[in-house]
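J.: I would like to see how this sequence folds:
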Amino acid sequence: MTESTATAVLPEPEAAAPNLSKEEGDPQNALTRQFTDEEWKAVRELRGRLSAIFNEAYPARETAKAGPITLWGVKIDPENASDARVSVVLVKFLRARNLNVADAQKMLLDTLRWREEFKVEQACAEEFPDGIFGGLGRISGHDTHNRPVVYNLYGANKNLNAVFGDVERFLRWRVAFMEQCIELLDFETVDQMVQIHDYDGVSMMAGRDANQKAAASQASALFQNYYPEFLSSKFFVNVPGLMAWVFWLFKPFLSAKTLEKFSMVGSGPKTIGAALLPLIDATQLPKRYGGEADDLA
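T.: Numbering: from 1, shown residues only. Okay, the predicted model is just below:
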């Protein structure tokens, strides 16, 4: 996997009008100050269910009910609500389920169970063949809101059998790369990322075999079900007109809310830049996409 090539100065938290959280004494940061009263109410209710969620997620652990656990670098302790980042993590599950606490509780429970079954920590520690996966993912720069920009370069390895031949290995790599991207989020001022999916070099005449279809559908399902509200926007670039299926490929697996964040962009620096430069400063965007920055390392 590739280390981030950009460091950014975090913006100063903006002042916000008092809300319900201040009355309740909840810890605050720049992101929690943007919560609505309805979100704070749901966060408190979900927070009150954490012990039961942990107990159900980890029945074999004697101390599961007491916690705490660590999720995406944030320590979540049912007995200690002193970290505002916990509220930022919890509200992700709530927003993904339209503030329905019961549904968000199930999503959090399912996520914790899946992470154990998938062995996410082991996937993150796995060494993947650089010759196969080394060029597929890049993290470079940030957008105007300091969100990291993540690039998925589908044409970087022409040997698709090597990439997708072992579907389970591809999924482990894809999850490990996602976790690496999440490490750049501080949950204080930034909790989302921008994704750019680049199909330059992908032949529009190449059909998709069973492994490629399985990898695409399973990866989409994993991110839909277990990584709530991490995506700010997603751009599909350098997509030939006859490959419009790339966009619709994801539709059966994603919610309408997620699909609203998707944009299909044409080819060439001028066309791509017209779509990306309103969101990403030219100094942060590589020249191949219409910016001024050096190419992806």
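J.: Run through the residues that contact N211.
T.: By C-beta atoms under 8 Å, 6 or more residues apart in numbering, N211 lies in contact with 161, 164-165, 167. All C-beta atoms are positioned from the backbone trio N, CA, C, and that covers glycine.
J.: ditto for A274
T.: Per C-beta under 8 Å, 6+ apart, neighbours of A274: G290.
J.: if I look at it, how far off is F236?
T.: Distance of A274 to F236, given as C-beta to C-beta, to the nearest Å: 15 Å.
J.: With I280 instead?
T.: Separation of I280 from F236 (C-beta to C-beta): 15 Å.
J.: swap in T32?
T.: Per C-beta to C-beta, T32 is found 32 Å from F236.
J.: what kind of secondary structure is F187 in?
T.: Under DSSP: H, G, I helix; E, B strand; the rest coil, F187 falls in the coil class.
J.: How about the one 3 residues further on?
T.: Under the three-state scheme (three-state DSSP), V190 adopts coil.
J.: ok, it - contacts?
T.: Taking C-beta under 8 Å, 6+ apart as the test, what V190 contacts is 10, 145-148, 184.
J.: out of these, which are buried?
T.: 147-148, 184 (16 or more other C-beta atoms under 10 Å).
J.: What is the nearest of the contacts of N211 to K270?
T.: Nearest to K270 among the contacts of N211: F164, at 32.2 Å, using C-beta to C-beta.
J.: Isn't the closest one up against A215?
T.: Yes. Applying C-beta atoms under 8 Å as the test, F164 and A215 come out as touching, 4.9 Å apart.
J.: Pull up the overlap in contacts between these two.
T.: With C-beta under 8 Å, 6+ apart, F164 and A215 have common neighbours F170.
J.: who touches stretch 71-81?
T.: For stretch 71-81, the external contacting residues (C-beta under 8 Å, 6+ apart) are 26-27, 47, 50-51, 54, 66-70, 83, 85-86, 88-89, 111-112, 179, 182-183, 185, 187.
J.: typo on my end, it should be stretch 93-102
T.: Against stretch 93-102 from outside (C-beta under 8 Å, 6+ apart): 38-39, 42-43, 45-46, 49, 103-105, 107-108, 111, 228-229.
J.: And those residues, which is closest to M264?
T.: E229 (21.9 Å).
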